[in-house]
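Peer 1: got a sequence here, can you build the structure:
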Amino acid sequence: MSPLTRGFVQVYTGDGKGKTTAALGLVLRALGHGLRPVVVQFMKADPSWGEIVMLRRLDVEVVQAGLDHWVRKGEATEDDLAAAAAGFARARELVMSGQYDVVVLDELVTALYFELVPLGDVLRLMREKPDEVELVITGRRAPDELVQAADLATEMKPLRHYFDAGVHAREGIEY
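Peer 2: Sure, this is the predicted structure:
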């Protein structure tokens, strides 16, 4: 039985940095209070990223549901669609299992945008999740229907970013 009596649905979206970081901060906080978190990452496949390495050291289950290449909108391959479908099926199992108090579906919003996962399936999962599960969904370009169905929606808005000056993603900071 979960120590949470009421879990909510949180959505972190926007073009700014910090969506995954905020979700993983929540995982860290949950661990500190004895909650059981799990993370499913959509469109990501690299197990060497710093957050994945550390989550596994903390015995947090991480499922990566993506392939090792970028997907272009409208050009998803059958393999891309199959990986996303398998990831979403696994995510649904984890949400409904009763084994986890906090479930993070990282980059699921991005998978929606790239037409890898149907919006209706995500909205159904949000409605059907057990009351005691906190569901956290991240990614750019959240559709209005998703934002309206969430209990909390935060938009990360960039005010200034060193990427615009040509700085590339840095190990230990961006991944």
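Peer 1: mind listing the strands for this structure?
Peer 2: 9-13, 37-42, 61-65, 102-106, 134-138, 152-155 (DSSP state E).
Peer 1: gap between the residue lying farthest from the centre of the chain and residue 18?
Peer 2: Distance from the centre of the chain peaks at residue 165, with 27.7 Å (Cα atoms, centre = their mean). If you measure residue 165 against residue 18 using Cβ to Cβ, to the nearest Å, the figure is 18 Å. Where you see a C-beta, it was placed from the backbone N, CA and C, and this is true even at glycine.
Peer 1: then residue 5?
Peer 2: For residue 5 relative to residue 18 (Cβ to Cβ), the value is 29 Å.
Peer 1: more neighbours, those two?
Peer 2: Between residue 5 and residue 18, counted using other Cβ atoms under 10 Å, residue 18 has the larger neighbour count: 15 against 8.
Peer 1: who are the contact partners of the more buried one?
Peer 2: Contact analysis of residue 18 by Cβ atoms under 8 Å, 6 or more residues apart in numbering lists 12, 156.
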